[in-house]
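Q: Structure for this input, please:
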Amino acid sequence: MITMHEKLKQLRKEKGLSQQELAQNFGYKSFTTIQKWEDGTSYPPLRILQELAKLYSINVQQLLDEQLQIPIPIIGTVRGGLLRHASEEYMGTELVNMAENRGGEYFYLKVIGDSMIDARINPGDLVYVKRQSTLENGEIGIVLVEDEATIKRIYYEDGNLILKAENPKYQAQTYTSDDLKLKRIEIIGKVIHCKIIL
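A: Next up, the predicted model:
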């Protein structure tokens, strides 16, 4: 079964385009965005999928994996700021494979801020999140601290919860066991993948 990533690479080569040429065609500064689509580390947003299908003279369904695709809501933004209620911040949908939507609740959030750029999560990107209340050491997740949601890499050390940015200009946030008792700190979910949005 050919995947969407393999199909994107195949269609680009059949069209005689380099990754750099395709990137320029869609207004991206470098070929790395195309590279990530083709190696499976990122997914094109729905709008770009529609434009790719038009470029290759096929329909979007032909471009998608043979696996079933389902729409997932984009429910708001995440940063060091307020995560607004989903019903107030509904921003449309993006498609994912059914294989990435098994057993649980999933949603997308739009990233604001550059605290995770070294994890290749940039301002304006969409992160695909599985709702869950626990994370393994070193996983990237969405954490609610009082009324603010942030995306960070999570570490546990000597009873402390450490929220680490992937950008050297930001210091890690450490919450002691006392902080965890006094403040409303809640893990919202785990980041599964990231979509680059132009």
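
Q: Please name the strands paired to whichever strand or helix holds residue 72 in the sheet, noting orientation.
A: For residue 72, the host element (DSSP states H and E) is strand 69-78. Its sheet considered, strand 69-78 pairs with strand 93-97 (antiparallel), strand 106-111 (parallel) by DSSP bridges.

Q: Determine which stretch of these is the most buried.
A: strand 106-111 (a mean of 22; mean count of other Cβ atoms under 10 Å). Heads up, the C-betas are built off the backbone N, CA and C, glycines and all.

Q: Just the residues contacting it, thanks.
A: Applying Cβ atoms under 8 Å, 6 or more residues apart in numbering, the set of residues contacting strand 106-111 from outside is 72-79, 83, 86, 91, 94, 96, 100, 121-131, 142, 151, 189, 192, 194-195, 197.

Q: Using JSON lines, please lay out the strands paired with strand 69-78 together with distance to residue 61 and mean pLDDT.
A: What follows is the strands paired with strand 69-78, written out as JSON lines (distance: least, Cβ to Cβ, whole Å; pLDDT from 0 to 100):
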{"stretch": "strand 93-97", "distance to residue 61": "10", "mean pLDDT": "81"}
{"stretch": "strand 106-111", "distance to residue 61": "21", "mean pLDDT": "91"}
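
Q: now for those, which one comes closest to residue 171?
A: Closest approach to residue 171 among the strands paired with strand 69-78 is made by strand 106-111 (19.3 Å; Cβ to Cβ).

Q: Nothing else from me, thank you.
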